[in-house]
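# Here is my input, please return the structure:
(one chain, ligands or ions: 2)
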Amino acid sequence: AVLADNGHQVKIWTRRQEQASEINHSHTNEAYLPGFSLPSSIQASTDIRVCAEGTQYILLVVPTKAIRDTMKRLKPFIQKHHILIHASKGIEPGTSKRISEMMDEELNDEQGRATVVLSGPSHAEEVCEKQPTTITASSHVIDAASEVQELLMNQHFRVYTNEDLIGVEMGGALKNVIALGIGLTDGLGYGDNAKAALMTRGLAEIARLGIKLGANPLTFTGLSGLGDLIVTCTSKHSRNWRAGYKLGTGKELDAVLEEMNMVVEGVRTTKAVHELSKQLDVEMPITEALFHVLFEGKDPKEAANQLMGRVKKHEVENVSLLLGHEFHEKWQECSE
Ligand SMILES: NC(=O)C1=CN([C@@H]2O[C@H](COP(=O)(O)OP(=O)(O)OC[C@H]3O[C@@H](n4cnc5c(N)ncnc54)[C@H](OP(=O)(O)O)[C@@H]3O)[C@@H](O)[C@H]2O)C=CC1
Ligand SMILES: O=C(CO)COP(=O)(O)O
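Ligands and ions are numbered 1, 2, ... in the order given. Have a look, this model is predicted:
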């Protein structure tokens, strides 16, 4: 919708004919954005070739679990000049790959000029209402990120660039885990203090893992880090928060996912991040607690009690890590 509002010709691929017809004739997408109108210039098709051919940019917005399959369908039509963009938020269980890594793996050397990630606090409902929204466009190829920034920017939609692809993708994926946890504690009846604690300590563990993978610590204070964490943990639009809330009121995971009818990325991401944190030996107590609740049937109240009862810690150690390795080493010398 943002691209079409900016005057670009937008072709959207869907795997279902009824959805393509609805977008082309009613200019709506009732199953996913009930009550909203889409720009009438958007053309939908179930033929991925028709959508990809003649384009400059290809934007993937499918759930993480559909990224590889969608890339395989697209592959025959991706050319050297294409900039590939994605706005999905997740990590692949089993491989611990970020979305851009999965996309790159599905391409050969002759395909695609650059990969750009869009991430930040941007619930689709509010973007469609033209509420002020700010996001980050990130790529190792900063000119490509700037090009995408130029495509999307308008009076309601402001885009910043950032070359830290790892930090941007990790922040976007991991905030869903924390939002799921906060929904759960809200469902259990915990208060605002608990919510603030989980958001703050959640950001600390997101940053700890991201830094270990090579992210710029400052990215986690930006739109794709703190910004998206705030919106996902506090907005009525968040599916991750809503799913967590339902779990907190005693529903089973399978029943909750069935009811949601939309993707809840935080569930798969919890599994993927739990695996990754073990491989890299990064302490992520909130993710670990949520993993036990989601996949091992642990009682959430017991998990919360265990989180609160862990050994004593110094808060600032993580901040020093956030400020970089050199600072952290100096901090450790001083504290000794
Ligand atoms: N919604 C939001 O506000 C935001 C979402 N995101 C991210 O965008 C990604 C997608 O989320 P969202 O659109 O909300 O998810 P939804 O669950 O609302 O919609 C998923 C869409 O992807 C399609 N889809 C699912 N699986 C496949 C597949 N295997 N092949 C082709 N199409 C498929 C669905 O089509 P069908 O009906 O045929 O199943 C549907 O159109 C997620 O990673 C999410 O975190 C990022 C920012 C904001
Ligand atoms: O990423 C999002 C907003 O920026 C969407 O979050 P949910 O998937 O929890 O709705």
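
# mind listing what the closest residue to Arg310 other than its chain neighbours touches?
Counting by C-beta to C-beta, 6 or more residues apart in numbering, Arg310 lies nearest to Pro285, which is 6.4 Å off, once chain neighbours are set aside. Any C-beta I mention is one placed from the backbone N, CA and C, and that applies to glycine too. When contacts are counted by C-beta atoms under 8 Å, 6 or more residues apart in numbering, Pro285 touches Arg201, Glu205, Leu307, Arg310.

# Of these, which qualify as buried by neighbour count?
Arg201, Glu205, Leu307 (16 or more other C-beta atoms under 10 Å).

# What distance do you get for the second one to Thr133?
Going from Glu205 to Thr133 by C-beta to C-beta, to the nearest Å gives 27 Å.

# mind checking which helix or strand the closest residue to Ser41 other than its chain neighbours is in?
If the residues on either side of it in the chain are set aside, Ser41 comes closest to Ala4, at 5.1 Å by C-beta to C-beta, 6+ apart. Here Ala4, judged by DSSP states H and E, is contained in helix 2-5.

# quick one: buried residues of that helix?
Val2, Leu3, Ala4, Asp5.

# hang on, the earlier thing: would you point out the most distant pair within the contacts of Pro285?
The two members of these with the most space between them (C-beta to C-beta) are Glu205 and Arg310, at 12.5 Å.

# and Thr249, how many neighbours?
13 (other C-beta atoms under 10 Å).

# three-state assignment of the nearest residue to it once chain neighbours are set aside?
Take Thr249 and drop its neighbours on the chain: the residue closest to it by C-beta to C-beta, 6+ apart is Gly187, 4.6 Å away. Here Gly187 is recorded as helix under DSSP: H, G, I helix; E, B strand; the rest coil.

# tell me the domain ranges of this structure?
The domain map for the chain lists 2-165, 166-335, with the assignment taken from automatic domain parsing.

# Just the closest of the buried residues of helix 2-5 to ligand 2, please.
Val2 (14.0 Å; C-beta to the nearest ligand atom).

# How many neighbouring residues does Ser88 have?
For Ser88, the neighbour count with other C-beta under 10 Å is 26.

# scratch that, Lys236
8.
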